[in-house]
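# sequence-free structure coming up:
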């Protein structure tokens, strides 16, 4: 990957979080500015990524995936940050997963050469762009999902007559009744797989499914549910292999979000007539969180044996800092952070750290009574017990639940060391 | 205002919604490209603003505010788009409202010279920036909110020793018990007003409150609630006026979100010892919506007399288009649009238009059975009756509820004419 263009990009105060009165500088120069969040150098609200936790999480996953014999194509939609993609690839990731062709384009531009699109390809402009990227980058390996004959027909119509030096490559998606995309039955999946295998323009490169929407943290139930889904994938894989429907020198089997990837890693690998690559697509591990994924990862650890139970787990690297702007009535403080700044779709943010300018020298743990109870566009409501009152002007650091929906609220997230000195910025492309 | 720098900015396919294989061009050149959403020139999902509806809404509010004798400082946080701010000022707006100092900086940079920050000013860097802007732009009129003595002390500490050719100007905020920010009682408001009036660094320029969080669309209740809140503002205004606490040549009284601004316009204007400017801060009127504000505006019309009941009301200008990527089981279609693309905080998007490539020549109204029932990060679930089935590949245009939380998901929103030809792009600064 080549992220030099990102590091050379100028940021200025039109970017949320950038120091209000600072001159424009390139991203590469930010670390030398000696800005400090706790010193008040950065306007609030501010999303920060703690370097130490991010590095810890990269190392955790770098070790976890080979320990189970699987590969990793982390879902890039979480961060949409090529700088983080580069770190993930450097930590051993096989490739990057994306959600649409625009995100594929970002990957290709910055040098990712193995991409899984965990979504159906459709649309004349989208198909033309994929073909264009295929031809522009002969070393680009790109797999998209297919789950209907109608989709295959639409792709073939859009691709007809275009110069193609190689076929497009598709993974048949298996879905869950009542779930999202994907063939619901063995027979539907086989019908699509046979049609792809017969296509002059598309090759069948493997199978895909996504278990994450059905995981609920009840390990016994989750193991049965995910195990059953993986068995369905394996049944289709064996049948496709027997019918010689797969093209290519290896066969991709991919599943695994961020909530139960360990079950996938244990249950999905299988032997076929040629090498089968089992690829996880977890995205949220990289910053982890303080809510939904924290709860799910407790189960991952519990299921993964002594080595992973004794080792330090994933750490929440993403925090959103804001300020107490008002304490208008007993038990209520209002923070300068809202639905534009932090995730609120799975859980509200979790107040974790307080820094009182002029009093605290380091961030303090917040009293257990502090709780974010609601958010508007630009405000959060913090409730507290009478003897635990925050003060107007206090800085409050919140953990979040669901990294994806915090990343997409920031064009740049600032990285910090453990003393909250700013070490750089991560550009997102949403 | 001067938005030339925005029009000169180059966009490319790193911006979501920009044609995937198009070269980078300046925003000013987009209208000449002959791109068309229905022709598949733009990748989906795509947020568009319909020019005709936007112009209609500008004209509606341009006429509404003078008809009631009030002024308008539309909340800029809705769009954070200086191009739209310029249109609002050209349509007669007195100034622009913002939510924080970063947003003030955007306004100042592009030439807005009257700004209300509907939030408490706090923070050393924020105070320093406001003073810097005050000194840099002698014609900048900037009013922020204050609701505590602690806040005043913090501002004075942050401003101490800085060269200031004029005082900062503040509006005392009145709040609602159980509500958000703002002094809860007459006595608290007067105590803050007296302290501001006595400050060497801050001048009392008026009063503020925000009724919008308490409005629920029950007109009888809303009129009583908002009327009561406006009376509280007027009581404090009379007392401050009698004590000569207001500085400046006029006095600002400001309230009014987008849900019940007509009540504010009728109830808040008053006579004081010097000219009292009543300023509404509605932001969502500009694109309107197909959900919460559509419901609220029915009440605004019903309360506003024959002229406004017979005239065409505000029109939904903001739409998010996506594609049917899968129809995996009876009654369920999956769209290429998710929580990253369209508001979901007040209501889910509303499917309104369908365009079937190769079949439809113009967008068709969708069957009444079509309903968005859920969204993930990058997907939406569309339910439908058996005889109303969408097809894989169909384009679906959705209205949204709550413009603010759709605008902040797009770095650029494309403007379109009534045939969905792309006429330009609106840059946002979140």
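Received it, and whenever you're ready, just let me know what you need. This structure is a prediction, so every number in the text was calculated from the model and none was measured.
# so what's residue A:416 up against?
Neighbouring residues of residue A:416 by Cβ atoms under 8 Å, 6 or more residues apart in numbering or on different chains: A:37, A:48-51, A:422-423. (Each C-beta comes from the backbone N, C-alpha and C, glycine too.)
# from these, pick the one nearest residue A:241.
residue A:49 (42.5 Å; Cβ to Cβ).
# give me phi/psi at the closest one?
phi -120, psi 120 (degrees, to the nearest 10).
# rewinding a little: biggest separation within the contacts of residue A:416, which pair?
A:37 and A:51 (12.9 Å).
# quick check: residue A:278 is in a strand.
Yes - counting by DSSP: H, G, I helix; E, B strand; the rest coil, residue A:278 falls inside a strand.
# where do the helices sit along the stretch 51-200 of chain A?
A:51-68, A:82-90, A:101-110, A:124-136, A:149-159, A:186-198 (DSSP state H, counting those that start in this stretch).
# point out the most buried one among those.
Among these, the stretch with the highest mean neighbour count (mean count of other Cβ atoms under 10 Å in any protein chain shown) is helix A:101-110, at a mean of 23.
# wait, does that one contact chain B?
Yes - using Cβ under 8 Å from any Cβ of the partner chain, helix A:101-110 comes into contact with chain B via A:101-102, A:105-106, A:109.
# averaged pLDDT, that helix. What do you get?
Averaged over helix A:101-110, pLDDT sits at 97.
# near chain B, anything from whichever strand or helix holds residue A:235?
Following DSSP states H and E, one finds residue A:235 within helix A:219-242. No - using Cβ under 8 Å from any Cβ, helix A:219-242 never reaches chain B; the gap is at least 14.4 Å.
# heading C-terminal from that helix, find the next helix or strand.
strand A:251-254.
# the longest strand seen in chain A packs against which elements?
As assigned by DSSP state E, the longest strand anywhere in chain A is strand A:318-329. Applying 3 or more Cβ pairs under 8 Å, 6 or more residues apart in numbering or on different chains; DSSP states H and E, one finds that strand A:318-329 contacts strand A:46-50, strand A:332-335, strand A:395-399, helix A:404-407, strand B:114-120, helix B:149-159.
# out of those, nearest to residue B:367?
Closest among those, using Cβ to Cβ: helix A:404-407, at 31.0 Å.
# need the contact list for the closest residue to residue A:249 other than its chain neighbours.
Leaving aside its chain neighbours, residue A:249 sits nearest to residue A:274 (6.5 Å; criterion: Cβ to Cβ, 6 or more residues apart in numbering or on different chains). Counting by Cβ under 8 Å, 6+ apart, residue A:274 touches A:246, A:249-251.
# hmm, try it at 10 Å
By Cβ atoms under 10 Å, 6 or more residues apart in numbering or on different chains, the contact set of residue A:274 is A:241, A:246, A:248-251.
# ok, now residue A:60?
Contacts of residue A:60 by Cβ under 10 Å, 6+ apart are A:91, A:285-286, A:288, A:297, A:308, A:311-315.
# chain B contacts on the stretch 251-400 of chain A?
A:283, A:323-329, A:332-334, A:336, A:338-341, A:343-345, A:357-358, A:374-379, A:381, A:391-395 (Cβ under 10 Å from any Cβ of the partner chain).
# of these, select the buried ones using a ChimeraX command.
Selection of buried members from those for ChimeraX, criterion 16 or more other Cβ atoms under 10 Å in any protein chain shown:
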select /A:283,323,324,325,326,327,328,329,332,333,334,336,338,339,340,341,343,344,345,357,375,376,377,378,379,381,392,393,394,395
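# what's the pLDDT at the closest residue to chain B within the stretch 151-300 of chain A?
Nearest residue of the stretch 151-300 of chain A to chain B, counting by Cβ to the nearest Cβ: residue A:181, 4.1 Å away. Model confidence at residue A:181, given as pLDDT, is 98.
# and it, backbone torsions?
Main-chain torsions, residue A:181, degrees, to the nearest 10: phi -80, psi 180.
# what's the closest non-adjacent residue to it?
residue B:326 (4.1 Å).
# doesn't residue B:379 make contact with that neighbour?
Yes - using Cβ atoms under 10 Å, residue B:326 is in contact with residue B:379, at 9.1 Å.
# show me whatever sits in contact with both of those two.
With Cβ under 10 Å, 6+ apart, residue B:326 and residue B:379 have common neighbours A:119, A:180-181, B:334-336.
# about what we covered before: of the contacts of residue A:416, buried ones?
For these, buried by 16+ other Cβ under 10 Å: A:37, A:48-51, A:422-423.
# ok, these vs chain B, which is closest?
Closest to chain B, out of all of those and judged by Cβ to the nearest Cβ, is residue A:37, at 10.7 Å.
# hang on, that closest one packs against residue A:396?
No - judged on Cβ under 10 Å, residue A:37 makes no contact with residue A:396 at a distance of 11.8 Å.
# overlap in contacts of those two?
Common neighbours of residue A:37 and residue A:396 (Cβ under 10 Å, 6+ apart) are A:44, A:319, A:321, A:355, A:363.
# could you dump these to TSV with pLDDT and neighbour count?
Listed next are the shared contacts of residue A:37 and residue A:396 as TSV, based on pLDDT from 0 to 100; neighbours: other Cβ atoms under 10 Å in any protein chain shown:
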residue	pLDDT	neighbour count
A:44	96	25
A:319	98	29
A:321	98	28
A:355	98	21
A:363	98	21
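# by mean pLDDT, point me to the weakest helix or strand of chain A.
In chain A, the helix or strand scored least confidently by mean pLDDT, DSSP states H and E is helix A:305-310, which has a mean of 92.
# and that one, how far from the chain's centre?
24 Å (Cα atoms, centre = their mean, to the nearest Å).
# same question for stretch A:120-135.
Worked out by Cα atoms, centre = their mean, stretch A:120-135 lies 23 Å from the chain centre.
# do it and chain B meet at all?
Yes - counting by Cβ under 10 Å from any Cβ, contacts between stretch A:120-135 and chain B involve A:120-133.
# one step back: check the secondary structure at the residue nearest to residue A:249 for me.
Going by three-state DSSP: residue A:274 is coil.
# hang on, the earlier thing: among the contacts of residue A:274, which ones are buried?
A:241, A:246, A:248, A:251.
# sec struct for the closest residue in space to the third one that isn't next to it in sequence, please.
Closest residue to residue A:248 apart from its sequence neighbours, by Cβ to Cβ, 6+ apart: residue A:205 at 5.3 Å. Using three-state DSSP, the secondary structure recorded for residue A:205 is strand.
# how many residues are close by residue A:205?
Number of residues near residue A:205 (other Cβ atoms under 10 Å in any protein chain shown) recorded here: 25.
# now stretch A:300-313: how far from the chain's centre is it?
Counting by Cα atoms, centre = their mean, stretch A:300-313 comes out at 22 Å from the chain centroid.
# swap in stretch A:54-70?
15 Å.
# kindly report the same for stretch A:34-43.
Worked out by Cα atoms, centre = their mean, stretch A:34-43 lies 28 Å from the chain centre.
# measure that stretch end to end?
End-to-end distance for stretch A:34-43, by Cα to Cα, to the nearest Å: 15 Å.
# what do you get for stretch A:360-369?
20 Å.
# pull out the buried positions in that stretch.
For stretch A:360-369, by 16+ other Cβ under 10 Å, it's A:363, A:366.
# and for it, what's in contact with it?
Identification of contacts with stretch A:360-369 by Cβ under 10 Å, 6+ apart yields A:37-38, A:319, A:321, A:331, A:350-356, A:382-390, A:394-398, A:418-420.
# hmm, back to that, okay, the residues of helix A:101-110 next to chain B in JSON lines with distance to residue A:62 next?
Output for those, formatted as JSON lines (distance: Cβ to Cβ, whole Å):
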{"residue": "A:101", "distance to residue A:62": "29"}
{"residue": "A:102", "distance to residue A:62": "28"}
{"residue": "A:105", "distance to residue A:62": "27"}
{"residue": "A:106", "distance to residue A:62": "23"}
{"residue": "A:109", "distance to residue A:62": "25"}
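# so which of the residues you listed would you say is closest to residue A:56?
Nearest member of the residues of helix A:101-110 next to chain B to residue A:56, counting by Cβ to Cβ, is residue A:106, at 26.0 Å.
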